[in-house]
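Asks: sequence first, then the predicted structure, then my questions.
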Amino acid sequence: MVRSFDLRIGKKRRRKFAKAGRLRQQASGLCFPEKGMSTIPPNEKKNTRMSPLGYPSNLLAPNQTYESVNETIGSIVLRNRQPAPWWIGFVVAFCLLMMFFFALAWLFIRGVGIWGINIPVAWGFAIVNFVWWVGIGHAGTFISAILLLMFQHWRTAINRFAEAMTLFAVACAGLMPLLHLGRPWLFYYLFPYPDTMGLWPQFRSPLVWDVFAVGTYFLVSLMFWYLGLVPDLATIRDRAQKTWQRKFYGILALGWRNSAAHWQRHQIAYLLLGGLATPLVLSVHSVVSFDFAVAIVPGWHSTIFPPYFVAGAIYSGFAMVLNIVIPVRKIYHLENLITERYLNNMANVMFVTGLMVAYGYVIEAFMSWYSGDIFEQYMMMNRAFGPYGWVFWCLMACNVFIPQALWSARIRRNPLTLFIVAFFINVGMWVERFVIVITSLHRDFTPSAWGMFYPTFWDWATLFGSVGLFLTLLFLFVRFFPMISISESRELVAEPQKANVL
Amino acid sequence: MWRSLEELAATPGFEEMLHREFPRGASEWTNEMQRRDFLRLMGASVALAGLGACTKQPIEKIVPYVDQPEEVIPGKPLRFASATSFCGFGQGIVVTSYEGRPTKIEGNPDHPASRGATSVWAQADVLDLYDPDRAKVLTNGDSGATWGTFLDRLKVALDAQAGSGGAGLRILTQTVTSPTMAAQLQEIGQKFPTAKWHQWEPLTRDAEREARAGGVFGAETLYDFSKAKVIVALDSDFLYLHPAALRHARDFATRRRVEGPQGASMSRFYAVEPTPSITGSNADHRLALAGHEIPKLAAALAALVGSGGEGANVPDEATTWVWAAAQDLRANAGASIVIAGETQPPEVHALVGQINASLGNINTTIRHCASVETNPVNQLQSLQQLVQEMKSGAVEVLLILGGNPVYDAPADLDFAGALQKVKLRLHHSLWPNETSERCQWLIPATHFLESWSDIRAFDGTVTIVQPLVEPLYDGFSAHQLLDAFLLQPVRSAYDLVRATWQKNNPTTTFEAQWRSILSDGATPGIGGDLTPEQGAASARAAIAPPTGQGLEILFRPDPSTLDGRYANNGWLQELPKPFSKITWDNAALVSPKLAAREHLENGDYIELNFRGRKLGAPIWILPGQAENSVTLQLGYGRKKAGQTGTNKGYNAYTLRTSDALWQGVGLTIRKIDRHLKFATTQNHFSIEGRDMYRAGTLAEFIRQPQFATEMAEVPKHDETLYNPDEYKNAGYAWAMVVDLNTCIGCNACTIACQAENNIPIVGKAQVIAGREMHWIRVDTYYAGPPNDPQFHHQPVPCMHCQDAPCELVCPVAATMTDDEGLNVQVYNRCVGTRYCSNNCPYKVRRFNFLEYNGALSPSEKLVKNPEVTVRCRGVMEKCTYCLQRINAARITAQLEERKIRDGEIVPACAQVCPAEAITFGDIHDPKSRVSRRKALPLDYGMLAELNTRPRTSYAAKLRNPNPQLKS
């Protein structure tokens, strides 16, 4: 079995995996480490302390041990009482979720006419929310897969969290196109199933591509998340005091026994899935952007959309991770694991993608002028100075002007200021989708058909309700699953501290 | 053919409808969440999924005929000739009936007032038939009564009158042109010699009657616009609000249609009017001028044309207009028409008569014929006299035959107050309305599709009104009711009408003649031509100077509800009014300048103060309105019209007095702190420099025939990734041409499409939300300065693109091009992503955002065309080129083993068009009319530069301005 992988990943990597398996075994505190296994390059050894796997140990706060890691993360799950902020947050989220169900029930009874959509603005909040949620769902896989492949170790403390967030965001996103259908009970017409009429979906439509892109992304993200979770579930199972916990986590742990062979296969599978997920990060939002780019509507029909959407997605994804991680870190006292360095790195990624997005805005404006097309030119003028002009300038403020604060390291390293900037970015990214969807549609080619879109209560209920769904799932996740990867965090524990536990 | 309705009327749904106290709210969509809905919702939110779809469908039985009704083949429509009326004047129609259920009204090609076209009102008449708010039973006060008790009561009253010869008996009718009713009223007059017959029509044509065209009171003037090279209209809406409007539009269009640049000619049309009308919007030179200035202008015109008079000073802005019009008239003497509207005083009509006479237009473009009315009277005087007598207590029995005088009589008469002094008040009406509320007896009328009658058209042509269906309710025709006044056994309407006609031809040939009269639907008129009397023209009245200071108030019929009689008609309520595109409301129309002066915005309320009477009304700023004139549209503010029409808009009749029936000076306005959100179907009236509407002048066209096609660069046929010849080998290739040059913007296509294609009414709230459902809309664009704009009307149906943007993006292939080039929508495949609508550059697709057909009453369901699917919620729909008509023609052609002939398929919009602006046919046949029209240089595709390859194309608009005038 191992040999077969040799061909693919090379000897050096194979050795590394084998060793990593052993070390992970050790780190889990179940067996003794072998001696003389240091892989730290000599030159680095002088300057920084390293974890046994060669990770820079300054990612964690000083004086972390395997046990402290296990305890800090595992106890959140196993402890009975959750802190008050959890309860407050959960109740709020659950109320929003109930509002969501209420809005959905009314939607199914009356139809999409309860929203503010009309002709010409036939797409409204549902699509705005869809694109927004898909975008948020990008950070998880980006952090997990791309950073994994690029050996960016600072991902460790946030990847589990980000992956869960991805899953829940994609779940919210996936609901939206379904709800927005005029006849949602016929959603399965979009799948290529063998029906008696001999009909297939119309494969030239980007909405069909969406079905596949989002579906694939959800499945791969789910597998990736679960695979990473297995060793931790085993840790929880082993530390569990109660029978139901032992059974619950025992079943979910799929018989993980922490053997080196387990670790080796796990790592290979994890890396492979990471490799699989990486192109998805780029493809999903590219496909989502085709929903717009393929249409002929001025403001949608643009070749820059795929990269610009992907950058925007990562931008909003990181902003959402920050918006969630910063309070969680505070509530559960995880400052030792999620250090300021993490926050700084995330802020950097967010900032760079934000600049890409800003570049997208500039190019869009430039191209609409440069094209010489009167429809495009009017669209841009209308976007900035038309009836929804104020929304556009909100977008500019949230997505371009406010994030310029991130040039300052002090702001990047201060959780509060970073939280505020990230919050604006999240709002800004939602507004961006509003601008793209609604201001493009409301005045397109035929002036006689121009109209306005005014959201109704049900539009807002669907938006905030989906936030409720997302947060409820997230709170439950925090409560029942280790929100930081225990096994990976242990890898970051530096050598001397590791010795303490032995 | 109508016998089968007996079966129909016995269905449980019908019984329920008949006996329910309150018919279910049907015509309008209400958006508020009801208590029951809330409970339902709570239940559903528990279950969430809602397994309602799993309920068992009720068992329905299909029962075959025991005795097959004559000529009825299930599924095959029958067509009958009949007539509807426009303010008393007949318009020939052909009614389509499915198994005894009339569903669609179309024009009668053989009828001179129709020529196959219909007005918007004729289209909507069929909906009135099924109106659940109609008067259903004979009522006395609040309780129901039988015909027998009514007759007894009537007999007592009439017996009391017999002694005095009917001195206390009065009958108030609307304009009467029916020979049968004329005979009946004559008989009643003989029986009660001192009884009086009064007439009142709120849209009265008294001015024309008083003008004594040809020297006879009430004589009709007939215009032949197909012979007129120059037309001058003085505040006349002869293309829309006129008993002969359809005929005028047809004739007008023949002079406006241009094909090739060689020898191209058009009539030149000058119009002056205080408020934009359909007619004025088609003028080459339109002048917005206050209504009270027009008499002066007429006098000046008369002087310039040389028909005498000392002329008058006209306002500066009118001088060049008058001069140019006079020049053109003189140059085209004998081939011109000057026409004045009924809103102008008799003096103007007299002046116009002189101008026409001196130009030698009489008996070339203009004919006079004796009145087609049974007894033309000055209706205002007639009503005034009646009110006076009512107030004096002289009137004991009053029969109000149709109409709604309590609502629409001049406000100064206080008709309602006077009515209370009458001992016995009878109202014969189709609906319980404001008048019937104040009468003891409401006798439900039969709809014209339910009973026999006859009616004369503007030129005297008579049509028998045939019933197509047994009366849905316990209604009585006007003829039956009048027959009861003779105190003898009441005959049926059929016998009465037949008797009238038999009187003219008592020979044995009558039966055959009767049958042909019935099937033709148009019998040449009774009134012959009048010889022009020179003496009549000399009767010249002085032009009275306007009295009072301040703004001018104008009263105009509403383009949809007319004088209020159509207020309860949902199709008409939701029909966007020309220019403003307002639905469900009327507005006080003000000019942009006046609005700026008074700081008014659309929807702001003003308080109008006119001769001591006050009224609050929301304003609409209308480009082209005379600066100091405020137009009030009649026909709204009904207090009792039915679920659809009650309390919509404001009631302009409250300011309308007998000395200012159409206009008056002395209005003051004041802004009040109230605002109304109008439900408009178009919100943007500037074309933003785009080229979807292309217009030029005749001279430009002759100089550069390709000007319209050259306005945009259209990609070549093969500039597509897909096979450009995918549909090349199909048998037919359906296509349409809309001629913007002849389209007058009358909206008839919109409402005909609604009737043909089962398009639902969505209600005001949904129109405000932007969800109207019309498959063909008439867009209006303004060009030029706001005080003197050009009006551009553009009917927009589906373009049936061959590279349709909508098809590409549908994820379920619910919309696609068929092998004849139709862009078809598959309703049962549509899941409602609405992506197609987003990608449609023309925005002609319509979406069922809610279950718009869910709240129909049983009677309203009957109006649906069985050949067209009734769409459910969540489904996209759009123009199909009347696919059902194409398929009907295909079946006929296949049975006869031939190809479909050119002109055999006429979509509803093309059929109704009075100007024949829409041509439909097969472009694979190079000889078809549509192919020939598409080959003309004016033809262009709207937004064809997007490479959509639309099958619907437009012929660019041409104007024919006087080269000596700058603008």
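Replies: Okay, I see it.
Asks: low pLDDT regions in the stretch 251-400 of chain A?
Replies: Applying pLDDT under 70 to the stretch 251-400 of chain A flags no residue at all.
Asks: need the residues of it near chain B, please.
Replies: Contact residues (C-beta under 8 Å from any C-beta of the partner chain) of the stretch 251-400 of chain A with chain B: A:291, A:294-297, A:374-375, A:378. (C-beta placed from N, C-alpha, C; glycine too.)
Asks: any idea which element B:Arg933 lies in?
Replies: helix B:929-934 (DSSP states H and E).
Asks: from the chain's centre, how far out does that helix sit?
Replies: 29 Å (C-alpha atoms, centre = their mean, to the nearest Å).
Asks: in the stretch 451-600 of chain B, which residue sits closest to chain A?
Replies: At 8.8 Å from chain A, B:Lys581 is the closest residue in the stretch 451-600 of chain B, using C-beta to the nearest C-beta.
Asks: touching, that residue and B:Ala679? I think so.
Replies: No - the criterion here is C-beta atoms under 8 Å, and B:Lys581 misses it with B:Ala679 at 9.2 Å.
Asks: and the pLDDT for the closest residue to B:Thr343 other than its chain neighbours?
Replies: Closest residue to B:Thr343 apart from its sequence neighbours, by C-beta to C-beta, 6 or more residues apart in numbering or on different chains: B:Trp662 at 3.8 Å. Looking at B:Trp662, its pLDDT stands at 91.
Asks: quick one, what contacts B:Trp662?
Replies: Listed by C-beta atoms under 8 Å, 6 or more residues apart in numbering or on different chains, the contact set of B:Trp662 reads B:291, B:342-344, B:554-556.
Asks: now with 10 Å, please.
Replies: B:203-204, B:206-207, B:235, B:291, B:341-345, B:553-557, B:656 (C-beta atoms under 10 Å, 6 or more residues apart in numbering or on different chains).
Asks: any idea how far it lies from B:Glu607?
Replies: 22 Å (C-beta to C-beta, to the nearest Å).
Asks: and if you look at B:Pro618?
Replies: Computed as C-beta to C-beta, the B:Pro618 to B:Glu607 distance reads 11 Å.
Asks: which one of these two is surrounded by more residues?
Replies: Applying other C-beta atoms under 10 Å in any protein chain shown to B:Pro618 and B:Glu607 shows that B:Pro618 carries more neighbours, namely 22 against 14.
Asks: got phi/psi on that one?
Replies: Taking degrees, to the nearest 10, you get phi -80, psi 150 for the backbone angles of B:Pro618.
Asks: what do B:Pro618 and B:Glu607 both touch?
Replies: B:Arg674.
Asks: where in chain B is pLDDT low?
Replies: Across chain B, residues meeting the criterion (pLDDT under 70) sit at B:1-58, B:525-548, B:726-730, B:966-967.
Asks: what ranges does the stretch 151-300 of chain B have for its strands?
Replies: Assigned by DSSP state E, counting those that start in this stretch, the strands in the stretch 151-300 of chain B fall at B:169-173, B:196-199, B:220-223, B:230-234, B:268-273, B:285-288.
Asks: turn the ones you listed into CSV, columns for distance to B:Ala300 and mean neighbour count.
Replies: Shown next, in CSV, are the strands of the stretch 151-300 of chain B (distance: least, C-beta to C-beta, whole Å; neighbours: other C-beta atoms under 10 Å in any protein chain shown):
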stretch, distance to B:Ala300, mean neighbour count
strand B:169-173, 39, 25
strand B:196-199, 35, 22
strand B:220-223, 22, 24
strand B:230-234, 11, 28
strand B:268-273, 11, 27
strand B:285-288, 12, 24
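Asks: ok, back up a step: quickly check the residues of the stretch 251-400 of chain A next to chain B for the two that are furthest apart.
Replies: Across these, the longest distance by C-beta to C-beta is 24.5 Å; it joins A:Asp291 and A:Ile374.
Asks: got the CA coordinates for stretch B:710-723 in CSV?
Replies: C-alpha atoms of stretch B:710-723 as CSV (Å, rounded to 0.1, in the frame of the first residue of the first chain):
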residue,chain,number,x,y,z
GLU,B,710,-28.9,52.3,-40.7
MET,B,711,-29.4,53.6,-37.2
ALA,B,712,-27.8,50.4,-35.7
GLU,B,713,-25.3,47.9,-37.0
VAL,B,714,-26.9,44.5,-36.9
PRO,B,715,-24.5,41.5,-36.8
LYS,B,716,-24.6,39.2,-39.8
HIS,B,717,-26.8,36.2,-39.9
ASP,B,718,-24.0,33.7,-39.3
GLU,B,719,-22.2,35.5,-36.4
THR,B,720,-23.2,32.9,-33.9
LEU,B,721,-21.6,29.9,-32.3
TYR,B,722,-24.6,27.8,-33.1
ASN,B,723,-25.9,26.6,-36.4
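Asks: now B:Leu468: closest residue in space that isn't a chain neighbour?
Replies: Closest to B:Leu468 by C-beta to C-beta, 6+ apart is B:Pro102, at 4.4 Å.
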